[in-house]
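Trainee: Just the structure for this:
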Amino acid sequence: MGLRLSREKTLITHIDDGLDFLGWRIQRHRKRGTREYYVYSYPAKKSVKAVTAKVKTLCREVEVNQPLDDLIRRLNPALRGWCAYFRPGVSSVTFAYLNHYVFETVWRWIRRKHRRSTWKELRRRYCGGGWWPTGQNGELFNPEKVSTTRYRYRGSVIPSPWPAAA
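Mentor: Next up, the predicted model:
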């Protein structure tokens, strides 16, 4: 067929060194408290940088003269989609980091909107007295509340193509 391997796209590496593939970091680590090694897949640093850059860009695109609902309406689909893609891996720590980053970025946007207001006034106005930003029509998506679904054992659920022995 005349196909050749590309040096830039072909990577032969040891699994302990790990590799990045489709936004995932695949690497073997020792499980804490044991001497056993397992292969883990978690979001790559490049993917995390991409989503934080997107959050930052969206917060800059929405002007401070617009309501918080406009910002939430633009941020939620991006965050929800990214978290849905990385849900099957070891992503809880990454989701917690993303939660912190989104919280800080949105609060900076709110503080730019109301420069002279106190934290207490802003919390009462935009969080209903709590800490998580909430608009008139909905709440900001919280990545930390996304549960991961990793390594489900499906051996007994998958039907066997062979007839059962009598």
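
Trainee: what's in contact with the helix ranked longest in the chain?
Mentor: Longest helix in the chain by number of residues (criterion: DSSP state H): helix 92-113. Applying CB atoms under 8 Å, 6 or more residues apart in numbering, the external contacts of helix 92-113 come out as 42-43, 48, 51-52, 55-56, 59, 62, 64, 68, 71, 75, 79, 82-83, 86, 122, 126, 132-133, 140-144, 146, 148. C-beta coordinates here come from the backbone N, C-alpha and C atoms, glycine included.

Trainee: quick one: which of those sit in helices?
Mentor: Members of those lying in helices (criterion: DSSP H): 48, 51-52, 55-56, 59, 68, 71, 75, 79, 82-83, 122, 126.

Trainee: before we move on, back to that, now, of the contacts of helix 92-113, which are buried?
Mentor: Neighbour counting by 16 or more other CB atoms under 10 Å classes 42-43, 48, 51, 55, 59, 62, 68, 71, 75, 79, 82-83, 86, 122, 126, 133, 140-143, 146, 148 among the contacts of helix 92-113 as buried.

Trainee: in stretch 82-102, what counts as buried?
Mentor: For stretch 82-102, by 16+ other CB under 10 Å, it's 82-83, 85-86, 89-91, 94-95, 98-99, 101-102.

Trainee: okay, those in JSON lines with pLDDT next?
Mentor: Output for the buried residues of stretch 82-102, formatted as JSON lines (pLDDT from 0 to 100):
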{"residue": "Trp82", "pLDDT": "97"}
{"residue": "Cys83", "pLDDT": "95"}
{"residue": "Tyr85", "pLDDT": "94"}
{"residue": "Phe86", "pLDDT": "94"}
{"residue": "Gly89", "pLDDT": "88"}
{"residue": "Val90", "pLDDT": "89"}
{"residue": "Ser91", "pLDDT": "91"}
{"residue": "Thr94", "pLDDT": "96"}
{"residue": "Phe95", "pLDDT": "97"}
{"residue": "Leu98", "pLDDT": "97"}
{"residue": "Asn99", "pLDDT": "97"}
{"residue": "Tyr101", "pLDDT": "97"}
{"residue": "Val102", "pLDDT": "97"}
